[in-house]
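Asks: here's my sequence, what's the structure:
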Amino acid sequence: MSKVQKTVLIIVGVVTLVIAVISGFGMYAANQARNAADRMYKPLDHNGKAIDTAAAEPFSILLLGIDSGGLGRTDQGRSDTTMVVTINPQKKTTTITSVDRDFLIKIVGKDRHDKLNSAYAYGGVEMTIDTLENFLNVPINHYATINLQGLEDLIDAVGGIEVDNKIDFTLDGIHVPAGKITLDGEKGLAYARMRKDDGTGDMGRQARQREVLTKVVEKLASVNTVKYYTKVLDALGDNVTTDLTWNQMLDMATNYQAALTDIESIQIGGQGYMLNGGYYQIPPYYGTLEAQNRLREQLNLAPEESLSLISDPDQRLYDDSNLAPDAGWDEPERTVNIQFAPNFEGYPAERPESSASSDSESDDSTTNNTSDDFQSSENFDSE
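Replies: Residues are numbered from 1 along each chain as shown. Reported below is the predicted structural model:
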């Protein structure tokens, strides 16, 4: 396995670092890796479709970076980073879909619309899976999570990482200077968490989180010593949870390698929106439909001609027929395109090519109404 493939595996899911370790150090590490996998294993009470990894069936896996267990935090926390990965070994393709934590969507099992990251705080992985299956209209077969303490431990386990930090900032009393610097676990965690000093907001934070994980793998691949893989496996065993068994991980390492030759990143960009004093992102109609159908194609499911969410009378959607959404603060030229989902009934199956405006514009009452079940989610906003 090449270094590039190892890096991709980490971006796809930190759980597969177990496999990268074995690839780097040989089967001498197998017993330690097996022990780490057993400690990570946490099955779910979820009626998801069983996937035969031994037969190399395409599957999806939810990856969550959890904002808990680090910087002194002990609560259940929030899902700080959310990615849904689909892997199809027959088509030799992998997709990584980033779903913004601030999306205002239906929280399945809570009977309300709220920020996506509140689903984990309310009901853990199970509620997050149910919520994303409803939002993306695809089954989610597996999951993996890593908490903040795990990221800190991974960085320390490889002796620190080098980055070229573009922004001088201080977060929770931890100062991270600009320039080419070596980060220990504490500063590396702050580097991965910082958002408010970054002009690109959550997208910038997600990029730094991927960078940190990539740097960990590069460091691991560059030094062939037992002390590194032992500490890394300890960090994984203590801080990662997944419903993948050891045998399924081995199946992934042997049967799904070909899918890593073609990796597609998908970002569903939302429209920034202030509501009841809280900041949210409104999902785009066509952007979400296109992402749904790309994931369905990956899982060998038939495409849909309309967005499944249009039957939800309390779901807000952004009409991106002619004007792309902007994750920044409200702009009248864009927020006028926010409508309740049933108003999108009868929209064409494909995004119009014309840039002419207007037929899809809504009146002010549609834009500014709030549904009775809505409550502000300020408590689910983090740094």
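
Asks: what's next to the helix or strand where residue 135 lies, contact-wise?
Replies: Residue 135 belongs to helix 118-136 when elements are defined using DSSP states H and E. By C-beta atoms under 8 Å, 6 or more residues apart in numbering, the surrounding residues in contact with helix 118-136 are 44-46, 48, 62, 64, 66, 76-79, 82, 84, 97, 99, 103, 105-110, 116, 139-140, 143, 145, 241, 283, 288, 291-292, 295, 308-309, 377, 380. For the C-beta atoms, the positions are set from N, CA and C on the backbone; glycine is no exception.

Asks: the residues you listed in strands, which ones?
Replies: For those, the ones inside strands are 62, 64, 66, 78-79, 82, 84, 97, 105-107, 143, 145, 241, with DSSP state E as the criterion.

Asks: if we can go back for a sec, filter the contacts of helix 118-136 to the buried ones?
Replies: Buried members of the contacts of helix 118-136, counted by 16 or more other C-beta atoms under 10 Å: 46, 48, 62, 64, 66, 77-79, 82, 84, 97, 99, 103, 105-108, 110, 116, 139-140, 143, 145, 241, 283, 288, 291-292, 295, 308-309, 377, 380.

Asks: who does residue 282 bridge with?
Replies: Taking DSSP bridges as the rule, residue 282 bridges to residue 271.

Asks: sorry, slip of the keys, the one I care about is residue 182.
Replies: Residues in beta-bridge contact with residue 182 (DSSP bridges): residue 162.

Asks: was I right about it contacting residue 165?
Replies: No - the criterion here is C-beta atoms under 8 Å, and residue 182 misses it with residue 165 at 10.7 Å.

Asks: more crowded one of those two?
Replies: Higher neighbour count among residue 182 and residue 165: residue 165, with 17 against 11, using other C-beta atoms under 10 Å.

Asks: the more buried one - nearest residue in space that isn't next to it in sequence?
Replies: The shortest distance from residue 165 to any non-neighbouring residue, by C-beta to C-beta, 6 or more residues apart in numbering, is to residue 178 (5.2 Å).

Asks: and the furthest pair within the ones in strands among the contacts of helix 118-136?
Replies: Farthest-apart pair in these is 106 and 241; separation 25.1 Å (C-beta to C-beta).

Asks: which regions of the stretch 151-300 of the chain sit below the pLDDT cut-off?
Replies: 201, 217, 220-227 (pLDDT under 70).

Asks: mind running it again at 90?
Replies: In the predicted model, the stretch 151-300 of the chain carries pLDDT under 90 at residues 151-155, 157-159, 172, 192-240, 244-267, 269.
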